[in-house]
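Asks: Let me see the structure of the following:
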Amino acid sequence: NNALKINPDRAGSWCMKGNVLTALGIYTDAIGCFDKAISADPSLAGAWFGRGRTLAGMGKSWESVECYDRALSITPQDAAVWFSRGNAFHALGELPDALSSYDHALGINPWYSAAWNNKGFALGNRGEYEKAIDCYDRALEINPQNDKTWANKGNALVFLGRHRDAIGCYDRALEINPAFDDAWNNKGIALEKLGKNWEAIRCYDEALDINVKYSDAWNNKGIALEKLGKNWEALRCYDRALEINPRDAMAWLNRGSALSNLGRPGDAIRCYETTLEISPRYARAWYNKGNCLFSQNNHAEAVECYNRAIEINPRYARAWLNRGCTLFSLGRSAEAVNSYDTALEIKPRYARAWYNKGIALFYLEKFSDALGCYDRALEIEPGYADVLFSKGIVLIELGKTGEAVCVFQQYLRYAPQTCTARIEQVQQIIEKMK
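Replies: Take a look at the predicted model:
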């Protein structure tokens with residue numbers, strides 16, 4: 001300010017004032033400063049760059065790109081401008097342009113660790129996780145103390161199913177920054193994928209100790225508790241997440257799941273409907289709503305829900321399966337078989353789909369075809385008790401009583417002891433056939 005009192009036409013002073021105001025988050029005043037700098041000296045690349053960064057901070061990414069392009073027309077070898085241009089395109093979801101900009105920055109400065117990191121992030125958003133990891137490794141060679149890059153590498157490893165390696169990366173991030181709430185949360189997700197739900201909960205608790213308003217951590221803690229059968233505790237976690245963010249579609253979905261597990265399908269359906277108000281193309285919400293309607297014997301509406309899920313995600317094997325089950329319950333066995341066939345095209349080793357297709361074919365009196373389906377299911381899961389029972393029944397229909405006895409004896413080896421009525425039924429069948 002003092003410098004500008006002495007010389008109000010000094011472009012560099014206006015530019016520096018704009019940079020300070022941007023750092024303070026006073027964006028509108030900063031833009032005014034950059035405009036005065038540009039008016040005084042249109043060839044001042046730093047003013048165009050500063051204006052672009054300020055517009056990016058205001059969420060005006062396209063306008064920021066225009067400013068970066070003006071800066072680059074003056075100083076085309078400025079790696080920082082190319083980097084910021086990449087970030088703007090990344091924010092716009094224009095990943096090819098983002099990657100091109102990062103490559104320009106790295107061509108000028110191969111030691112630009114932030115550019116390697118952000119290039120990795122963009123590649124990860126394109127599903128190119130191996131390439132993303134290569135970029136993170138380059139960034140970490142330059143700056144091994146960057147906690148965010150370690151965490152980003154962990155996230156890419158999770159997408160590749162390399163959960164133990166991911167945990168190692170999160171641990172490195174947490175050694176550098178023990179208060180890194182995202183790293184604690186994402187470590188919890190990786191542990192959960194390994195079935196270590198209690199350890200995952202401890203990580204979510206660490207994240208929540210750092211940031212009690214971290215809605216994703218509340219949500220993820222609820223998922224882990226639900227997997228442990230602690231549905232009431234899970235419900236309380238989802239409620240905490242929704243207090244923080246009432247428009248969290250996933251938290252509403254998970255709240256519905258917990259209520260369904262607690263035998264409250266009507267309340268669960270209301271949660272799924274709220275999910276769908278927020279996110280109408282949430283395939284899993286349509287699928288879960290269909291399951292609840294099926295449990296209430298509302299089969300026609302359940303089919304419509306599965307149809308909506310499939311419209312959104314035509315490769316949703318479970319939705320095709322449950323659509324088939326619902327059509328079968330409506331007496332539409334041939335249509336059910338078509339649904340099971342689609343599920344099996346998507347997931348050929350889907351034992352339950354082979355089993356259910358066999359059931360539908362049995363009711364269509366296509367006994368040999370049903371037997372073939374049961375055999376396919378048992379190739380995948382040799383101890384699948386329900387399939388063994390159904391196979392025994394179809395063998396009786398085909399007059400193969402000796403084989404049926406052998407299959408029923410296998411059933412008795414694998415049947416859960418809670419299935420007392422069916423076990424007694426099978427024992428009686430074996431005695432009669434003997």
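
Asks: Where in this structure is the helix or strand with the lowest mean pLDDT?
Replies: When the helices and strands of the chain are compared on mean pLDDT, DSSP states H and E, helix 2-6 comes out lowest with a mean of 69.

Asks: Averaged pLDDT, the next helix or strand after that helix. What do you get?
Replies: Using DSSP states H and E, the helix or strand that follows helix 2-6 in sequence is helix 11-23. Averaging the model's pLDDT scores along helix 11-23 yields 88.

Asks: Using neighbour counts, pick out the buried residues of helix 11-23.
Replies: Neighbour counts over helix 11-23 (16 or more other Cβ atoms under 10 Å) mark 11, 13-19, 21-22 as buried. Glycine gets a C-beta too; all of them are placed from N, C-alpha and C.

Asks: Also stretch 392-399?
Replies: Using 16+ other Cβ under 10 Å as the burial criterion, the residues of stretch 392-399 that qualify are 392-396.

Asks: now it: mean pLDDT?
Replies: Average pLDDT, stretch 392-399: 95.

Asks: quick one: contacts of that stretch?
Replies: Where contact means Cβ atoms under 8 Å, 6 or more residues apart in numbering, the residues beyond stretch 392-399 that reach it are 358, 362, 367-368, 370-371, 374, 401, 403-404, 407-408, 411, 426, 429, 433.

Asks: again, 7 Å this time
Replies: With Cβ atoms under 7 Å, 6 or more residues apart in numbering as the test, stretch 392-399 has contacts from 362, 367-368, 370-371, 374, 403-404, 407-408, 411.

Asks: and the nearest residue to Leu92 once chain neighbours are set aside, what is it in contact with?
Replies: In space, not counting the residues next to it along the chain, Leu92 is nearest to Ser61; the distance is 4.9 Å by Cβ to Cβ, 6 or more residues apart in numbering. Residues near Ser61 by Cβ under 7 Å, 6+ apart: 88, 91-92.

Asks: go with 10 Å
Replies: Listed by Cβ atoms under 10 Å, 6 or more residues apart in numbering, the contact partners of Ser61 are 52, 55, 87-94.

Asks: Show the contacting residues for the residue nearest the centre of the chain.
Replies: A centroid search over the chain (Cα atoms, centre = their mean) returns Phe159, at 9.2 Å, as the residue closest to the centre. Contacts were defined as Cβ under 10 Å, 6+ apart; by that measure Phe159 touches 124, 127, 129, 132-133, 166.

Asks: now Leu344
Replies: Leu344 neighbours (Cβ under 10 Å, 6+ apart): 317, 320-321, 350, 353-354, 357, 373, 376.

Asks: element containing it, please.
Replies: Assigned by DSSP H and E, Leu344 belongs to helix 333-346.

Asks: Report the buried residues of the very next helix or strand once past that helix.
Replies: The first helix or strand that comes after helix 333-346 along the chain, using DSSP H and E, is helix 351-363. Using 16+ other Cβ under 10 Å as the test for burial, helix 351-363 gives 351-362.
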